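Asker: 3D model of this:
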Amino acid sequence: MLNLLGRCCLITGGSRGIGLAIATRFAQAGATCTLVARDEAQLRNAVSSLPAPNQQQEHDFLVGDVGDESFWELSVKTKPDIRILVNSAGQPQNSLLRKTTPEAIDHLVRVNLLGAIYGTKFYASEMSRRKEGCIINISSVLADTGGAGSAIYAASKAGLQGFTKSMVAEVSRFNIRINNILPGYIETDMTAAMDSTARSMVLSKIPLERFGTVEDIANAAHYLVTSRYVTGTNLVVDGGYSAS
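Answerer: Alright, predicted model coming up:
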């Protein structure tokens with residue numbers, strides 16, 4: 001069923017991985033998607049892979065840095081009709097804090113946290129005028145569990161949870177919903193780089209005994225975008241990792 005037919009969505013980090021999987025799922029449901037990333041060639045390939053929504057609308061992309069406020073100022077002028085915003089752009093970390101440079105710390109926070117804050121600031125304002133909107137932030141189970149070598153990543157993802165709770169109080173009266181998805185270990189480029197020892201150790205802590213797929217996260221996003229009475233929630237999709 002095309003239950004997102006005619007809806008306009010913007011997905012950051014949309015050129016690959018979780019972001020592209022969410023865009024694909026939304027496009028299958030009839031939505032028109034705008035993908036955001038920094039690599040134009042990857043974006044072109046990603047857009048061309050999406051199912052066509054209809055003859056009147058076409059998928060599109062924007063090249064930019066989500067951690068730059070000026071990008072969002074331009075984005076909301078270029079794409080004012082967005083009703084579904086997915087803040088999926090993320091920068092991984094694999095370094096102890098004492099070995100992490102100030103530049104790397106700044107980049108992690110800008111991409112993982114400020115990008116979602118800026119995107120929400122500009123698009124929630126636009127959505128409020130039309131009394132309709134849905135925002136999904138991609139956090140992480142590491143926001144709750146933490147882990148050596150991921151201090152800044154975990155902190156930035158945890159920040160999304162407090163931000164989301166606060167925004168519920170600000171935007172609900174405008175018929176805008178905002179939720180978080182907390183993925184566990186998902187089969188992406190990041191987990192593919194894990195050595196076999198680390199991978200086996202993590203798998204031993206997952207009750208379902210497998211890593212998740214990007215489609216698992218895309219299905220969770222589709223649930224949140226179509227569930228009109230769900231807002232302010234943290235939807236954990238981790239195979240039981242955080243419960244073990």
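Asker: So what's the residue count around residue 18?
Answerer: By the criterion of other Cβ atoms under 10 Å, residue 18 has 27 neighbours. Bear in mind the C-beta positions are built from the backbone N, C-alpha and C, glycine included.
Asker: Oh, that last question was meant for residue 186, not what I typed.
Answerer: Applying other Cβ under 10 Å, we find 21 residues neighbouring residue 186.
Asker: The one 10 residues further on now?
Answerer: When counting by other Cβ under 10 Å, one arrives at 7 neighbours for residue 196.
Asker: One more: the one 10 residues further on?
Answerer: Neighbours of residue 206 under the rule other Cβ under 10 Å: 19.
Asker: so it sits in a strand?
Answerer: No: per DSSP: H, G, I helix; E, B strand; the rest coil, residue 206 lies outside any strand segment and is coil.
Asker: Tell me how far it lies from residue 239.
Answerer: Residue 206 is 5 Å from residue 239, where distance means Cβ to Cβ, to the nearest Å.
Asker: Common neighbours of these two, please.
Answerer: Common contacts of residue 206 and residue 239, defined by Cβ atoms under 8 Å, 6 or more residues apart in numbering, comprise 184, 185.
Asker: Stretch 77-92 spans what distance, first to last residue?
Answerer: Chord length of stretch 77-92, first to last residue, is 30 Å (Cα to Cα, to the nearest Å).
Asker: List the buried residues in that stretch.
Answerer: Applying a neighbour-count criterion of 16 or more other Cβ atoms under 10 Å, one finds 79, 82, 83, 84, 85, 86, 87, 88, 89, 90, 91, 92 buried in stretch 77-92.
Asker: Helices of this protein, residue ranges please.
Answerer: Remark: helices assigned in the chain by DSSP state H are 17-28, 40-49, 69-78, 102-109, 115-130, 142-145, 151-171, 189-192, 196-203, 214-226.
Asker: Would you mind writing the CA trace of the fourth one as PDB?
Answerer: As requested, C-alpha coordinates have been extracted for helix 102-109 and formatted as PDB (Å, rounded to 0.1, in the frame of the first residue of the first chain):
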ATOM      1  CA  PRO A 102      39.900  18.600  18.900                       C
ATOM      2  CA  GLU A 103      39.100  18.700  15.100                       C
ATOM      3  CA  ALA A 104      37.700  15.200  15.200                       C
ATOM      4  CA  ILE A 105      35.700  15.900  18.300                       C
ATOM      5  CA  ASP A 106      34.200  19.000  16.700                       C
ATOM      6  CA  HIS A 107      33.400  17.100  13.500                       C
ATOM      7  CA  LEU A 108      31.700  14.300  15.300                       C
ATOM      8  CA  VAL A 109      29.500  16.700  17.300                       C
END
